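[1] predicted structure and sequence below. I'll ask about it afterward.
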Amino acid sequence: MKRRKQRILMAKAMGVILTVMTFLILYVPILLILMLSLNDSARGYQWEGFTLKWYAMLFLDDIMKDPIVNTISIAILSTIISTILGTIFAIGIHALEKKRRVRMMVMNNVPVVNPDIVTGISLMIIFSILSFTLGFSTVLIAHVFFSIPYVILNIIPKLKRLDPNLYEAGLDLGCSRIEAVWRVIIPNISTGILTGALMAFTMSIDDFVITYFTSGNEYMNVSTWLYAALAREGRNSFTPVAYAYNTIIFLLTIIIIVFVNTRKERKVRTHEKSTSFTP
Amino acid sequence: MKRLRFFSVPYLAWMLIFIAVPTLILIMLAFSDYSLYYPSRFEITWVNFQIFSQSYMSKAIIYSFGLSIITTLICFVIGYPVAYYLANLPEKTRKIWLALLIVPLWANMLLRIFAWEKIFTPLSIFTDLSGLSLDLLGTNTGIVIGMVGMYLPFMIFPLFSVLERMDYSLVEAAKDLGATDLNVFFKVIFPMSLGGIVSGVIMTMLPAMTSFVLPARIGLGRINLIGNIIESKFMKEVMGSGGLSINVGSLISLMLMLFSVISFVIITRFDKEGETLI
């Protein structure tokens, strides 16, 4: 018995040690980016003292303006489009009979499992066959394409929990089909739609590989701009402003997600209270 | 709800355009001398396969497999206990810890790689701040550590989601019936988490195997993986390889697609609707 207790204690200690290691390996680069954004050195080889000038330059200087505007506008547009389309498609897929539904979900998961480089090249090829000029529109289509599957994956579990009779009841009470979707289904799956949208946004704002293959030479988001800046070793146009940008986007994402989640939880709790009288 | 089925029809069309059609074109490019930019010539040929006799290609394949398999193993050995530990925490703290695992993924991938580059430089800002001096640029160890740092969460999430949902009364039952701790793990917990293991292994190994920025930066271009060769065939030497670089690139991409199809079939056997994928 004593040996067993020891073993359990050891297993627990191992769990703690590995968890600490995991967080170290994940957070050390993040902290380093933060430090680099506060470092008073353009090259960042050494710690040369605290400064906020990169943050000031981010807002006052045009150095990274175009890629930042591109990144944010693509992220917002692709989130809106993929959330709307993904919601519609998810409702349609959920309504299919089992065999077809599974088949659609398998197809839906292709871009999720496929390596980004394969998705990027596939899209690049289809755009050149359709003779689209690579740029804003192709990047937007590409981002919508890789976001929709995640939106669907977030919504389907919510739809599964929804009582199908509710929709029929809506129809019986005089809603049109679209009205019943809007008034009965959508409110019940709203948490799934929200998490799907957040996922789409965070993936779009950070995407490099797919944008790289679908953006052509002129159009750049922050990631492809960085890649080009880092590759040009000699006349390095890289600037620590990028660290400042990343830190701000990073903090904004955390704030948005924490805000949404605490609101969601409060909603769930009040919902539980209001329905708790049922036995 | 049957009446809503037609909502899924445009999705089918959309996916055919963006998945099926490009795959067919990739196949066509890989087995011919068809050119995307001069669509006049078209002749079926095996000439693109010559790439596999090049030593840089076979080296890239070996390195891609080797490094991604090692990365996946390390991620599994670290990730499984971590997922198990986190899944057994009280519900409130569990959510916070899980969120903290997702947070680093919101930082820009390129900057994270760039940060690793700084960490692996012997005299850098990292040395100033931590007192540690590492010299791992251009080495396999450096690439593997970087990959673990990039892809470890993708191993932990699916494992966590199966371990969290697992019915622990079965574990109690096995203990009551006299199973030892090891037996409980190998005969009850492990088989029940198999779906998560499969997803985790694939979601770690495929991106690691196909990465190209990480090996290019941390490997200083000395270690090329399959992704680097595809990138250079499509983006850098577009007119190289006797004007067939895109065809050669398509062939290599097709090979990667084959791996993802195999992984896909395996995932689908364990998890039909992809519930462990997010």
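    On my side now, so go ahead.

[2] low-confidence stretches in the stretch 151-279 of chain A?
    Counting by pLDDT under 70, the low-confidence segments of the stretch 151-279 of chain A come to A:232-236, A:267-279.

[3] how many other residues sit next to A:F23?
    Using other CB atoms under 10 Å in any protein chain shown, A:F23 is surrounded by 15 other residues. Quick note: C-beta positions are derived from backbone N, CA and C, even for glycine.

[4] actually, B:F212.
    20.

[5] and what of A:G216?
    Neighbours of A:G216 (other CB under 10 Å): 17.

[6] just say helix, strand or coil for it.
    coil (DSSP: H, G, I helix; E, B strand; the rest coil).

[7] ok, and the closest non-adjacent residue to it?
    Residue nearest to A:G216 in three dimensions, not counting chain neighbours: A:L134, with 3.0 Å by CB to CB, 6 or more residues apart in numbering or on different chains.

[8] same question, A:Y150
    Nearest one to A:Y150, counting by CB to CB, 6+ apart, is A:M199 at 4.8 Å.

[9] give the contact list for that neighbour.
    Contact analysis of A:M199 by CB atoms under 8 Å, 6 or more residues apart in numbering or on different chains lists A:S147, A:Y150, A:V151, A:N154, B:I278.

[10] was I right to think the first one contacts A:I205?
    No: with contact defined as CB atoms under 8 Å, A:S147 and A:I205 do not form a contacting pair (11.1 Å).

[11] who's more crowded, these two?
    For A:S147 and A:I205, the more surrounded residue by other CB under 10 Å is A:S147, and the numbers stand at 27 against 24.

[12] can I have the buried ones of the contacts of A:M199 as a ChimeraX selection?
    To isolate the buried ones among the contacts of A:M199 in ChimeraX, judged by 16 or more other CB atoms under 10 Å in any protein chain shown, type:
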select /A:147,150,151,154 /B:278
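
[13] and the contacts of A:M199 as CSV, adding distance to B:I262?
    Converted to CSV, the contacts of A:M199 look like this (distance: CB to CB, whole Å):
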residue, distance to B:I262
A:S147, 26
A:Y150, 23
A:V151, 27
A:N154, 27
B:I278, 22
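
[14] from the contacts of A:M199, which is closest to B:T71?
    B:I278 (21.6 Å; CB to CB).

[15] okay, that closest one: pLDDT?
    On the pLDDT scale, B:I278 is placed at 64.

[16] please report the distance of the spatially closest residue to A:S37 that is not a sequence neighbour from A:K53.
    Spatial nearest neighbour of A:S37, excluding adjacent residues (CB to CB, 6+ apart): A:Y243 at 3.5 Å. A:Y243 is 12 Å from A:K53, where distance means CB to CB, to the nearest Å.

[17] okay, those two: which has more neighbours?
    Between A:Y243 and A:K53, counted using other CB under 10 Å, the more crowded position is A:Y243 (25 against 15).

[18] list the contacts for the more buried one?
    A:I33, A:L34, A:L36, A:S37, A:W54, B:L111.

[19] in chain B, which residue sits nearest chain A?
    Proximity to chain A, evaluated over chain B using CB to the nearest CB, is greatest for B:F7 at 2.7 Å.

[20] kindly tell me how buried that residue is, as a neighbour count.
    Neighbours of B:F7 using other CB under 10 Å come to 19.

[21] looking at it now. What's its pLDDT?
    85.

[22] if we ignore the residues flanking it in sequence, what's nearest B:R3?
    Closest residue in space to B:R3, ignoring its immediate chain neighbours: A:R177 at 5.9 Å, by CB to CB, 6+ apart.

[23] who's in contact with the one you found?
    A:L171, B:R3, B:L4.

[24] where does the closest residue to A:G44 other than its chain neighbours sit, in terms of helix or strand?
    Distance criterion CB to CB, 6+ apart; nearest residue to A:G44, sequence neighbours excluded, is A:L36 at 5.2 Å. Per DSSP states H and E: A:L36 is located in helix A:2-37.

[25] give the rounded mean pLDDT of that helix.
    88.

[26] kindly state the pLDDT recorded for the residue in the stretch 1-150 of chain A that chain B sits nearest to?
    Proximity to chain B, evaluated over the stretch 1-150 of chain A using CB to the nearest CB, is greatest for A:G92 at 2.7 Å. Here, the pLDDT recorded for A:G92 equals 91.

[27] what distance do you get for B:A60 to B:A208?
    14 Å.

[28] sorry, slip of the keys, the one I care about is A:N39.
    Using CB to CB, we find A:N39 at a distance of 30 Å from B:A208.

[29] show me which of those two is the more surrounded one.
    Between A:N39 and B:A208, B:A208 has the larger neighbour count (other CB under 10 Å), namely 29 against 24.

[30] let's verify that one: helix, strand, or coil?
    Applying three-state DSSP: B:A208 is helix.

[31] give the contact list for it.
    B:L67, B:S68, B:T71, B:T72, B:M147, B:M150, B:Y151.

[32] contacts only, for the first one.
    It stands for B:L67. B:N140, B:I143, B:V144, B:M147, B:A208, B:M209, B:P215, B:I223, B:L225.

[33] fine by me, thanks again.
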